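Novice: the following block contains a protein sequence and its predicted model.
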Amino acid sequence: MATEDTPLVHDERDGESTTIDRRLLAVYLNDHLAGSVAGARRLRRTADTLRRSPVASGLDRVAREVTAEKEELDEMLEAWGVTQALPKQALAWLGERLTRIKSARRQMRTSPTTTLLEVELLRSAVVGKRGLWQTLIDLAPTLDLDRSRMVDLLEQTDRQVATLDEVHAFVRVRALRAVR
């Protein structure tokens, strides 16, 4: 197997070949992995916050799927011999933890918009994750990936976005309601 220093050659369908820089690929994948570390935790926390709502089951499913995708991405990096950027993951984990601690300290005076903003951030992150699966679909032949699995993950992400849209609709109506 090639190391991170070895570029890979990708033969395009139009007959041209493109060189893929494994260092850049490693950075890109590690950035997505770090995001998934924080995102999976934050999704779980949001699902717990909304556990008694009508959107709870969908949000719980998304949280489980994102956690499984993170594990799958971990396995991909290992299979390709890409060194995981543990400091990035640690910083993402720490950032999520600090946000949680900060929120816990403000628990008594939390604004109703807190959950709304959290859902919007999560939805943005999941929309961004679409790009990962699109990129891996394009690179599937080069990276010896099961292209159909990457397509499945892209479609799963689209369903996650739809679920988060439903969660957002539920939360936004309640978060901005005037208290009397």
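Specialist: In hand now; what should we look at?

Novice: which stretches of this structure have low pLDDT?
Specialist: 1-18, 84-110, 178-180 (pLDDT under 70).

Novice: helices of that one, start to end?
Specialist: 22-49, 56-79, 86-105, 113-143, 147-175 (DSSP state H).

Novice: next, the buried residues of the first one.
Specialist: Yep, that's helix 22-49 we're talking about. By neighbour count on 16 or more other Cβ atoms under 10 Å, the buried set for helix 22-49 is 22, 25-26, 29-30, 32-47, 49. Placement of C-beta: from N, CA and C, glycine included.

Novice: how about the second one?
Specialist: Neighbour-count burial for helix 56-79, with 16+ other Cβ under 10 Å as criterion, is recorded at 56, 58-60, 62-63, 65-67, 69-70, 73, 76-77.

Novice: so that helix versus helix 22-49, what angle?
Specialist: 160 degrees (axes from the mean of the first three to the mean of the last three Cα atoms, to 10 degrees).

Novice: quick check, central residue of the protein?
Specialist: Ser36 (4.2 Å; Cα atoms, centre = their mean).

Novice: so what's it closest to, chain neighbours aside?
Specialist: In this structure, Ser36 finds its nearest non-sequential neighbour in Lys70, 3.9 Å apart by Cβ to Cβ, 6 or more residues apart in numbering.

Novice: what sits against that neighbour?
Specialist: Taking Cβ atoms under 8 Å, 6 or more residues apart in numbering, we find Lys70 in contact with Leu33, Ser36, Val37, Gly39, Ala40.
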